[in-house]
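>>> Fold the following, please.
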Amino acid sequence: MSAQSISLPRWIDIGLLPLWNLCIALLVAAGVVALIGHSPAQAFEVLVKGALGNPRGIGYTLYYATSFVFTGLAVAVAFHGGLFNIGGEGQATFAGLGIAVMALFLGASLPAWALLPLVVLSAALFGALWGLIPGYLQAWRGSHIVITTIMFNFLAASLNVYLLVNPLRVDGSMAVESAEFPAAARLPALHELAERFGWQLDSSPLNAASLIAVAALVFVGWFLWRTRGGYALRAVGSAPRAAQYAGLNPKAQVLIAMSLSGALAGLLAVNELSGVQGS
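The predicted structure is shown next:
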């Protein structure tokens, strides 16, 4: 007798289950803290106060959450296409190289209003390219997407080290980093933007990339659930053979899913490099 799938109510799926998972994680963490001889209650108090207890802490929390939004969307898009993209780290690393090239070679000749969109676009394109290659290997060569995306993490890291030690390293410097990005290639911090409107916010690394993350959330929701392309991607992810019988091209959808997934992961580099590090 075949097992029947059970559809949970939406309030359980999006509310109760995440809360249950959080509670289990906190219980495990409390056990570890207790085992090393400290108070779990005191540890959680420090955790909550540090993350949410003051405006500066909230700024740091939202800054880190911005990176998680980009990588979470990247994994979600690939998953809806029936793929496991484990290469977000490599795609973000390669996107960082794209940002560096754009910022260092065009930063002196373009104003911020022209350069910043190019920086964001470059990060998305470089990330898409680094995701597209494993997608091609999966679709046309049968290489498992989990293995290839993991391998491409190491390839991106090695390429990054080579470029930072050789072409991108500042002459006469031993630091393994590029030259500083020009001001036109830097995303403004939100506390700096607030000052322009007469508001006072505590300084934190939270920057305009968080606004891009919100736009990415809206775009992915619209694309997956309101467009024919998103429907085709989800159809292939759910039932590749049925989708092919219906006239869809599963191989093309793999490329689309991995390109979009890589582009979203690549936007993480905008938050880190253009928004905070500046090199």
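
>>> What strand or helix carries A175?
Element membership for A175, per DSSP states H and E: none, as it lies in no helix or strand.

>>> Quick check: phi and psi on the nearest residue to it once chain neighbours are set aside?
Using C-beta to C-beta, 6 or more residues apart in numbering and skipping the chain neighbours, the partner closest in space to A175 is R169 (7.6 Å). The C-beta positions use only the backbone N, C-alpha and C, and glycine is treated the same way. The phi and psi values for R169, taken as degrees, to the nearest 10, are phi -70, psi 140.

>>> burial count for the nearest residue to P182 once chain neighbours are set aside?
Leaving aside its chain neighbours, P182 sits nearest to G107 (3.4 Å; criterion: C-beta to C-beta, 6+ apart). By other C-beta atoms under 10 Å, 19 other residues sit near G107.

>>> Surely G107 is in contact with A185?
Yes - counting by C-beta atoms under 8 Å, G107 does reach A185; the two are 4.8 Å apart.

>>> before we move on, back to that, the residue nearest to A175 reaches N160, doesn't it?
No - between R169 and N160 there is no contact under C-beta under 8 Å: 12.0 Å.

>>> which residues do the two both contact?
Shared contacts of R169 and N160 (C-beta atoms under 8 Å, 6 or more residues apart in numbering): none.

>>> and the gap between P40 and L26?
For P40, the distance to L26 equals 9 Å [C-beta to C-beta, to the nearest Å].

>>> Repeat that for S67.
Distance from S67 to L26, by C-beta to C-beta: 22 Å.

>>> Settle it for me: which of those two has more neighbours?
S67 (22 against 13).

>>> who touches that one in this structure?
Contacts of S67 (C-beta under 8 Å, 6+ apart): L268, N271, E272.

>>> what's the helix or strand for it?
Going by DSSP H and E, S67 is part of helix 55-80.

>>> Going by neighbour count, which residues in that helix are buried?
57-60, 62-63, 66-67, 69-78, 80 (16 or more other C-beta atoms under 10 Å).

>>> For the helix or strand just after it, C-alpha coordinates in CSV please.
For helix 55-80, the following helix or strand on the C-terminal side (DSSP H and E) is helix 88-106. The C-alpha coordinates for helix 88-106 follow below in CSV (Å, rounded to 0.1, in the frame of the first residue of the first chain):
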residue,chain,number,x,y,z
GLY,A,88,27.1,29.8,-2.9
GLU,A,89,30.4,30.5,-1.3
GLY,A,90,32.3,30.1,-4.6
GLN,A,91,29.7,32.1,-6.5
ALA,A,92,30.0,34.9,-4.0
THR,A,93,33.8,34.8,-4.1
PHE,A,94,33.9,34.9,-7.9
ALA,A,95,31.3,37.8,-7.8
GLY,A,96,33.7,39.6,-5.5
LEU,A,97,36.4,39.5,-8.2
GLY,A,98,33.8,41.0,-10.6
ILE,A,99,33.2,43.8,-8.2
ALA,A,100,36.9,44.4,-7.8
VAL,A,101,37.5,44.6,-11.6
MET,A,102,34.6,47.0,-12.1
ALA,A,103,35.5,49.2,-9.1
LEU,A,104,39.3,49.4,-9.8
PHE,A,105,39.2,49.9,-13.5
LEU,A,106,36.2,52.2,-13.8
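
>>> Give me the helices and strands touching helix 88-106, please.
helix 55-80, helix 112-141, helix 145-165, helix 250-266, helix 268-269 (3 or more C-beta pairs under 8 Å, 6 or more residues apart in numbering; DSSP states H and E).

>>> how far out from the middle of the chain is the fourth one?
Okay, so that is helix 250-266. Chain-centre distance of helix 250-266: 14 Å, with C-alpha atoms, centre = their mean, to the nearest Å.
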